[in-house]
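**Student:** give me the fold of what follows.
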Amino acid sequence: MVTSDLLQATQQQQDERGLLLNLLFSYKRELIIEHIRRRDIRISRSISVADLRTRIEMLLDSQELTVNDLAQILNHIEGWGRQQIYLYQYIGGQHLKAQWLNPVWVENHFRQLNKSEIYNNTRPIVLPDSPTLVSVEHDTDRHRIRFIWVEKRTRLERDEESDPPPDRFRVGEASSLERVVYQAYREITVRGLMFFDWDIENDDAMLMIHKLTGTDYAQVRDARLSELKEILLSQDFRLLPVSSIVTQLHHSDEVVRRELTFQTVNNEGRLSVASGRPQEDVFADTVLEQARSQIIDNVTGLSGSLRWKTENNKHIALELYGKIADDQRIGIAAQELEEDIRYVLRRIRTYCT
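**Tutor:** Take a look at the predicted model:
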């Protein structure tokens, strides 16, 4: 019996390891290398994908990396890009803020809540069926705390090539012909990551939700914030409006505006403008620029498709969703580095009024 249980546990560990590796290698090679190197592990930046996977498996075999380490790396890679983002500003009291800036108080706070097992630690849960708070990362040097949830998320994709041949026709009612036709779908399982990140010293916070078609992001947001109430007062954070960005970007040289939608202040009409060239700002067209200057004082912003420049002159593609008053969010489609996303979000905040 003991031997059977041990074999089952070993098989489960191997399955989790294989799943984590498959999830990890669904991301860019450069991102994986960057996060492995941050753990003081020497890996050439020019290593091939096949050799990189072999090297990581050797590190796991030698215990230089653990399955938990792999989960933490995946958490950091998954959290930056392919996300829907809500920006917040801390508006709570200074006494409470001072408590959260005190590492001793924070650690005791999690102990009193019986949540010490997730404080600066990761639960070894790869794909929980429902959103599960698996880790709270507290960076005491940068005065930043990050709450991380993981859940299993599935979607169906049509797979016509796997359709079985239909049945033979049979005579139905009213001399009609009928047959049974089966259609195949492929069920895709992904690891959905969500996190609430609070820069305590600077009063900046954000909630990031893994992007998946058909998701009610406002509903997911409210559920996560409600869960946080046990740990910190989520009502002390004000949602920042991203719709205001749309009308304020005409003075910025750090953004390429690919498409923008405006609404008249009396809510009677909408206007959308788009660039004819993906790499060119929409208002590089002199006719559209003249139209913008004539209407800008009489419209509010609704949505936008932008390319935002980072410190390294790299552009991050993002979408602004501001059509619904309480669902002001930013969409980032591609996987990016944490420092690039944080930089762009800091710049975005300066336009949220």
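
**Student:** going forward, measure contacts and count neighbours with C-alpha atoms only.
**Tutor:** Fine.

**Student:** verify the contact between L24 and I32 for me.
**Tutor:** Yes. Assessed by Cα atoms under 8 Å, L24 is found in contact with I32 at 7.3 Å.

**Student:** walk me through the domains of this protein.
**Tutor:** 2-78, 83-155+187-239, 243-349 (automatic domain parsing).

**Student:** so which of those is nearest F169?
**Tutor:** domain 83-155+187-239 (29.3 Å; Cα to Cα).

**Student:** tell me how far the closest one lies from the chain's centre.
**Tutor:** Distance, stretch centre to chain centre, for domain 83-155+187-239: 12 Å (Cα atoms, centre = their mean, to the nearest Å).

**Student:** average pLDDT for it?
**Tutor:** Regarding domain 83-155+187-239, the rounded mean pLDDT is 91.

**Student:** report the distance from stretch 269-277 to the chain centre.
**Tutor:** Per Cα atoms, centre = their mean, the centroid offset for stretch 269-277 relative to its chain is 27 Å.

**Student:** tell me the mean pLDDT over it?
**Tutor:** Here the average pLDDT along stretch 269-277 is 87.

**Student:** residues in contact with that stretch: which ones?
**Tutor:** 257-264, 281-283, 288 (Cα atoms under 8 Å, 6 or more residues apart in numbering).

**Student:** need the distance between the two termini of that stretch.
**Tutor:** Length of stretch 269-277, first residue to last, Cα to Cα, to the nearest Å: 26 Å.

**Student:** and that stretch, which residues are buried?
**Tutor:** Within stretch 269-277, the residues scored as buried using 16 or more other Cα atoms under 10 Å are 273-275.

**Student:** can you tell me the helix or strand for R146?
**Tutor:** Per DSSP states H and E, R146 falls inside strand 144-158.

**Student:** coming back round to it: turn the domains of the chain into CSV, including distance to E173.
**Tutor:** Output for those, formatted as CSV (distance: least, Cα to Cα, whole Å):
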stretch, distance to E173
domain 2-78, 51
domain 83-155+187-239, 35
domain 243-349, 50
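
**Student:** so which of the ones you listed gets nearest V171?
**Tutor:** domain 83-155+187-239 (34.1 Å).

**Student:** just the endpoints, please. Distance across the closest one?
**Tutor:** Using Cα to Cα, the two ends of domain 83-155+187-239 sit 17 Å apart.

**Student:** what does stretch 205-221 give?
**Tutor:** 13 Å.

**Student:** need the residues that contact it.
**Tutor:** 79, 82-90, 192-199, 237, 326-327, 333.

**Student:** cutoff 6 Å now
**Tutor:** 82-89, 192-199, 327 (Cα atoms under 6 Å, 6 or more residues apart in numbering).

**Student:** among those, which are located in strands?
**Tutor:** 83-89, 192-199 (DSSP state E).

**Student:** max pairwise distance over the residues you listed: which two?
**Tutor:** Q89 and G192, at 24.7 Å, using Cα to Cα across those.

**Student:** more neighbours, those two?
**Tutor:** G192 (23 against 19; other Cα atoms under 10 Å).

**Student:** who does that one bridge with?
**Tutor:** E151 (DSSP bridges).

**Student:** contacts only, for it.
**Tutor:** Contacts of G192 (Cα under 6 Å, 6+ apart): 150-153, 210.

**Student:** which one (most neighbours) among these?
**Tutor:** Top of the contacts of G192 by neighbour count (other Cα under 10 Å): H210, with 26 neighbours.

**Student:** just the helices in this structure please.
**Tutor:** Secondary structure of the chain (DSSP state H): helices located at 2-24, 29-37, 49-61, 67-78, 94-100, 103-112, 217-228, 243-248, 286-295, 338-349.

**Student:** the ones you listed: which one's closest to R123?
**Tutor:** Per Cα to Cα, nearest to R123 of the helices of the chain: helix 67-78, 7.7 Å.

**Student:** hmm, back to that, and of the domains of the chain, who's closest to P166?
**Tutor:** That would be domain 83-155+187-239 among the domains of the chain, by Cα to Cα, at 21.3 Å.

**Student:** list the buried ones in stretch 340-352?
**Tutor:** So, applying 16+ other Cα under 10 Å, buried residues of stretch 340-352: 340-341, 344-345, 348-349, 351-352.

**Student:** would JSON lines of those residues with pLDDT and distance to D163 be doable?
**Tutor:** Listed next are these as JSON lines, based on pLDDT from 0 to 100; distance: Cα to Cα, whole Å:
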{"residue": "D340", "pLDDT": "90", "distance to D163": "43"}
{"residue": "I341", "pLDDT": "92", "distance to D163": "42"}
{"residue": "V344", "pLDDT": "93", "distance to D163": "45"}
{"residue": "L345", "pLDDT": "94", "distance to D163": "45"}
{"residue": "I348", "pLDDT": "92", "distance to D163": "47"}
{"residue": "R349", "pLDDT": "93", "distance to D163": "49"}
{"residue": "Y351", "pLDDT": "88", "distance to D163": "51"}
{"residue": "C352", "pLDDT": "85", "distance to D163": "50"}
